[in-house]
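> I'll drop the sequence and a predicted model, then ask my questions.
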Amino acid sequence: MHVVGNIALVTLGAVIVIAVFDSALRTFVLPRGVSTTISRFVFVALRRVFDLLAREGRSYESRDRVMALYGPLSLFALVFFWMALVVAAFMFIYRGAFEVSTWSHAFELSGSSFFTLGFAGTPSGVAANILVFIEASSGLGILALLIAYLPTIYGAFSRRELGVAKLATRAGTPPTAVELLIRYHAINWNDRLPALWAEWEDWFADISETHASLAVLNFFRSPNPDRSWVTSAGALLDAASIAQSTLAIPWSPEAGLCIRSGSLALRELARFFNIPYDPDPAPDDPISIARSEFDEAYEKLGGAGVPVRPDRERCWRDFAGWRVNYDAVLLGLAGLTMAPYAPWSSDRSLRFRRRVLGSRRPSIGPSQPK
């Protein structure tokens with residue numbers, strides 16, 4: 001029975017070490033969004049704590065100050081949890097393989113080896129030395145991963161926030177599609193809208209790559225508490241949708257590509273976080289924007305001199321056909337990230353729920369009836 005217990009301890013320790021290495025590899029190295037049991041446990045457990053601290057009864061400013069710590073703290077908490085698991089795993093291995101006399105001594109030996117302190121006596125033998133070397137390199141490796149990937153994480157964050165800051169100049173804070181289109185018209189930049197759509201197509205592609213493979217980036221908040229990458233994405237997608245459906249300007253393939261790029265990027269993140277959405281909605285499926293809200297936007301654009309198409313009913317149908325491709329995922333991500341107030345996105349993210357249908361994919365144009 002004693003031998004069986006030692007084998008069980010060694011096996012348990014080995015399984016934990018393998019699980020930690022697998023989690024670290026998938027979290028930092030694997031270039032795709034993969035959630036592991038360990039990382040999911042840490043992020044979900046810590047999020048529950050932050051949700052209690054940032055409960056809805058508090059002002060948004062106080063909630064934002066709390067949630068600003070969630071992303072960075074989650075990243076470090078995950079690394080420290082890995083470290084604690086490795087130390088515990090090697091405790092089991094030392095106790096089972098070399099019959100270290102007490103758990104206290106096993107902890108001392110494991111901690112000393114992991115942090116390369118060397119103050120605890122190592123059991124004699126080649127096998128014991130190999131295990132000590134493996135544990136020491138594990139500790140160095142985990143810390144090296146964190147140090148190596150911090151520049152990558154903050155590089156992606158800076159690129160994202162550069163687009164958010166530029167949009168704030170052009171669409172206001174909080175950003176709105178109507179404000180963006182009015183400002184572009186006022187400075188005679190309607191002919192530059194295609195360049196804006198192309199720039200944000202690249203921005204969405206970058207978001208899809210970085211925020212899916214490094215999921216913690218989704219929770220890194222903007223330096224300005226009134227800005228958010230989610231609400232900025234929503235305002236830009238709505239502006240492109242209105243331009244394609246409502247403005248009396250030349251049709252732009254860049255706008256369609258931007259909407260498709262944004263829809264695919266937001267859907268990829270929604271899949272990672274298990275946010276439900278319809279992969280291929282019909283054009284007349286419900287969206288969170290009311291017809292009265294669209295009519296108000298239409299009147300405001302026309303009142304500012306922006307050229308609009310006369311058939312308002314057709315404009316509404318075409319706009320809804322574009323918006324339905326990203327409506328649910330936009331609101332889901334706004335709620336997940338606790339985004340600041342912005343019209344047509346975070347202002348309805350908690351109260352809007354829509355039925356999930358089918359398993360189809362978004363088209364490059366407005367959704368078409370089957």
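Cool, the structure landed. Numbers count the residues shown, from 1 in each chain.

> Now for the closest residue to Ser35 other than its chain neighbours: which residues touch it?
The shortest distance from Ser35 to any non-neighbouring residue, by CB to CB, 6 or more residues apart in numbering, is to Phe272 (6.8 Å). Quick note: C-beta positions are derived from backbone N, CA and C, even for glycine. Taking CB atoms under 8 Å, 6 or more residues apart in numbering, we find Phe272 in contact with Gly33, Ser35, Ala212, Ala215.

> Between those, which sits nearest Leu266?
Nearest to Leu266 among the contacts of Phe272, counting by CB to CB, is Ala212 at 10.7 Å.

> Tell me how far the closest one lies from Asp206.
The gap separating Ala212 from Asp206 is 11 Å, by CB to CB, to the nearest Å.

> between those two, which one's more packed in?
Each of Ala212 and Asp206 has its neighbours counted (other CB atoms under 10 Å); Ala212 has more, 19 against 15.

> give me the element that one is part of.
Ala212 is located in helix 193-213, with elements delineated by DSSP states H and E.

> Only the C-alpha atoms, please, for the helix or strand following that helix, written as PDB.
From helix 193-213 onward toward the C-terminus, using DSSP H and E, the following helix or strand is helix 229-245. Taking Å, rounded to 0.1, in the frame of the first residue of the first chain, the C-alpha atoms of helix 229-245 are listed here in PDB:
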ATOM      1  CA  TRP A 229     -12.000  49.400 -28.100                       C
ATOM      2  CA  VAL A 230     -15.400  47.700 -28.200                       C
ATOM      3  CA  THR A 231     -17.400  50.900 -28.500                       C
ATOM      4  CA  SER A 232     -15.000  52.300 -31.000                       C
ATOM      5  CA  ALA A 233     -15.400  49.100 -33.100                       C
ATOM      6  CA  GLY A 234     -19.100  49.500 -32.900                       C
ATOM      7  CA  ALA A 235     -19.100  53.100 -34.000                       C
ATOM      8  CA  LEU A 236     -16.900  52.500 -36.900                       C
ATOM      9  CA  LEU A 237     -18.900  49.500 -38.100                       C
ATOM     10  CA  ASP A 238     -22.100  51.500 -37.800                       C
ATOM     11  CA  ALA A 239     -20.600  54.300 -39.800                       C
ATOM     12  CA  ALA A 240     -19.600  52.000 -42.600                       C
ATOM     13  CA  SER A 241     -23.000  50.400 -42.500                       C
ATOM     14  CA  ILE A 242     -24.800  53.800 -42.700                       C
ATOM     15  CA  ALA A 243     -22.400  54.900 -45.500                       C
ATOM     16  CA  GLN A 244     -23.300  51.800 -47.500                       C
ATOM     17  CA  SER A 245     -27.000  51.900 -46.900                       C
END
